[in-house]
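**Q** Predicted model follows, preceded by the sequence.
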Amino acid sequence: MRFFAHGKLLLTSEYAVLGGAEALAMPTKLGQHLEVTPLDKAVILWKSIDEHGVVWYQNTFDKTSFTPKENGSEITTRLQQLFTELKQHNPSIWQSAIGFSFTTTLDFNRSWGLGSSSTLIALLAQWAGINPHPIQQAVFGGSGYDIACAMAQGPILYQRKDVGNPLFRDVHFDPPFKAQLYFIYLNEKQDSQKAVATFDRNLLTKEKINAFNSLTAAFLNATDLVLFQELMRQHENLVGNMLENIPVQQRLFSDYTGAIKSLGAWGGDFILACGDKRTPTYFAKKGYTTCFSYEAFIYDAS
């Protein structure tokens, strides 16, 4: 049995999505694969392979107790929690074979923040035939937009109303200027769980939520690059004032002529930049060599 889940990017309403603001989110073409094979021994064999084909984690678990052969790592603890949650939501799944071999393979570098954890949850939920959102909330927490992206067929409008059952729907986001949009990795992984845990949700007043909702709607409807860049700057200023933090363009790329916007938790992972064919060279000269065009990076089945 083979499964696939998409990586994720949050284009609007970072942090505010935790308080119920509407957010524009996009699945990436890069994701994570899962292959499940039945075994004739009552164990769970787990193997995780990175984007270069190198095994970066492997372990053996008892199929009934989920006790690991080798203990002590965070991934081992998380897998035990996930196995337990799957058993609670679909007890029969573990009885469908004597034992199981799970092999995951990533398309992207784990440090990129595209959702190695969220894609894993989505993959296991596909295998078990259950809703992945309650699983994520029980094990990792967070807004849940990454889980929605993992299963999406294109850009989505996401809203976290009911924590275990959020609202999200497909939206048409195909700007005529998408050839001028680039995604650049900042060479530093952001701890999204820590960012979520430390964010003061009292900062999200009704007025701010409305402002984020308006910006998200404007992002969706923008057909002009000049306007889109102005919206990016407005969004950066809104989040920056709320966090009392300096936007990434002012902090790192003050000489860049186009607009730059953080994606997701501030301080790492990917940014969005408006530019042209010279954009990858600009960032490469500053040491940021991982740069994707919109067409190469964003998944949209429509």
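**A** Thanks, I have it.

**Q** Which parts of the stretch 201-302 of the chain are helices?
**A** Ranges of helices in the stretch 201-302 of the chain, per DSSP state H, counting those that start in this stretch, are 206-221, 225-243, 248-252, 279-285, 294-297.

**Q** who touches the fourth one?
**A** When you say that, I think you mean helix 279-285. Helix 279-285 is contacted from outside by 182, 184, 256, 258, 273, 275, 289, 291, using C-beta atoms under 8 Å, 6 or more residues apart in numbering. All C-beta atoms are positioned from the backbone trio N, CA, C, and that covers glycine.

**Q** and if we set it to 10 Å?
**A** Residues from elsewhere that reach helix 279-285 (C-beta atoms under 10 Å, 6 or more residues apart in numbering): 180-182, 184-186, 252-253, 255-258, 260, 271, 273, 275-276, 288-293.

**Q** quick one, strands of this protein?
**A** Ranges of strands within the chain are 2-10, 23-39, 43-49, 55-62, 99-106, 156-159, 167-170, 181-185, 260-262, 270-274, 291-293, based on DSSP state E.

**Q** what helices or strands is the first one leaning on?
**A** If you count contacts as 3 or more C-beta pairs under 10 Å, 6 or more residues apart in numbering; DSSP states H and E, strand 2-10 packs onto strand 23-39, strand 99-106, helix 116-128, helix 145-151, strand 156-159, strand 270-274.

**Q** which secondary element of the protein has the worst mean pLDDT?
**A** The weakest-scoring helix or strand in the chain, judged by mean pLDDT, DSSP states H and E, is helix 192-198 (a mean of 73).

**Q** Buried residues, that helix. List them.
**A** Using 16 or more other C-beta atoms under 10 Å as the test for burial, helix 192-198 gives 192, 195-196.

**Q** And these, which is closest to Gly264?
**A** Gly264 lies nearest to Ser192 out of the buried residues of helix 192-198, by C-beta to C-beta, at 6.6 Å.

**Q** Next, the contact list for the closest one, please.
**A** Ser192 touches 10, 14, 113, 115, 117-118, 140-143, 146, 264-265, 268-269, counting by C-beta under 10 Å, 6+ apart.

**Q** Need the buried ones from these selected in ChimeraX.
**A** Restricted to buried positions by 16+ other C-beta under 10 Å, the ChimeraX selection for the contacts of Ser192 reads:
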select :10,14,113,115,117,118,140,142,143,146,264,265,268,269
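
**Q** what's Gly267 sitting at in phi/psi?
**A** Main-chain dihedrals, Gly267, degrees, to the nearest 10: phi 110, psi 0.
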